[in-house]
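Novice: have a look; sequence and predicted model below, questions after that.
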Amino acid sequence: MGDKKAVEKAAEKAAALPSAPLSADVLDRLFTTVLARKGADPETSYTAKLYSRGTAKIAQKVGEEAVEAILEAVRGDKAALAAESADLLYHLLVLWADLGLDPAEVWSKLAQREGTSGIDEKKSRKA
Ligand SMILES: N=c1c2ncn([C@@H]3O[C@H](COP(=O)(O)OP(=O)(O)OP(=O)(O)O)[C@@H](O)[C@H]3O)c2ncn1[C@@H]1O[C@H](COP(=O)(O)O)[C@@H](O)[C@H]1O
């Protein structure tokens, strides 16, 4: 299947999902939720439990979830990869919140890179 067809098929599938999360809106909502968990009770909030364990532990969880996602990708299990990717993104957002990094800074980096090939960007580093 050509790239264009694959992109069109993916867009059709995403549009058919119940809440059609075609944008990063869900990540922004999740970030608002995890920020609001600062100072919450670790007994009732998993996010608050993560904060109470400290930055190094949260970072370790991000690494573990990344490895789990990689393992599912190598196994070729797309459903499991989707679930592990969601775990990974959640833990990454908790890490950003813990460090006071605004997701807008990350979205901005991605926006700045739009239209620049990674190959060209790498060449410009050497120049
Ligand atoms: N998206 C998530 C989310 N994804 C994964 N997880 C939790 O992440 C944990 C991952 O499981 P693990 O076995 O790796 O974690 P663990 O048992 O703590 O492992 P150890 O490090 O202790 O060994 C599970 O408890 C999952 O429920 C999440 N917990 C919360 N959220 C979101 O955060 C919101 C706030 O959650 P609370 O803070 O719990 O209210 C929720 O409404 C969700 O929207």
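Specialist: Arrived safely.
Novice: show me where this protein has its helices.
Specialist: In the chain, the helices defined using DSSP state H lie at 3-15, 25-36, 46-53, 55-75, 78-99, 103-113, 118-126.
Novice: pLDDT weak spots in this structure?
Specialist: Applying pLDDT under 70 to the chain flags the ranges 1-4, 6-24, 127.
Novice: buried sites along stretch 45-60?
Specialist: Ser45, Thr47, Ala48, Leu50, Tyr51, Ile58, Ala59 (16 or more other CB atoms under 10 Å). In short, each C-beta sits where N, CA and C put it, glycine included.
Novice: re the thing from before, distance to the ligand added to the helices of the chain, as TSV?
Specialist: Formatted as TSV, the helices of the chain follow (distance: least, CB to the nearest ligand atom, whole Å):
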stretch	distance to the ligand
helix 3-15	19
helix 25-36	5
helix 46-53	3
helix 55-75	6
helix 78-99	4
helix 103-113	15
helix 118-126	29
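Novice: run a quick neighbour tally on Glu65.
Specialist: Neighbour count of Glu65, defined by other CB atoms under 10 Å: 19.
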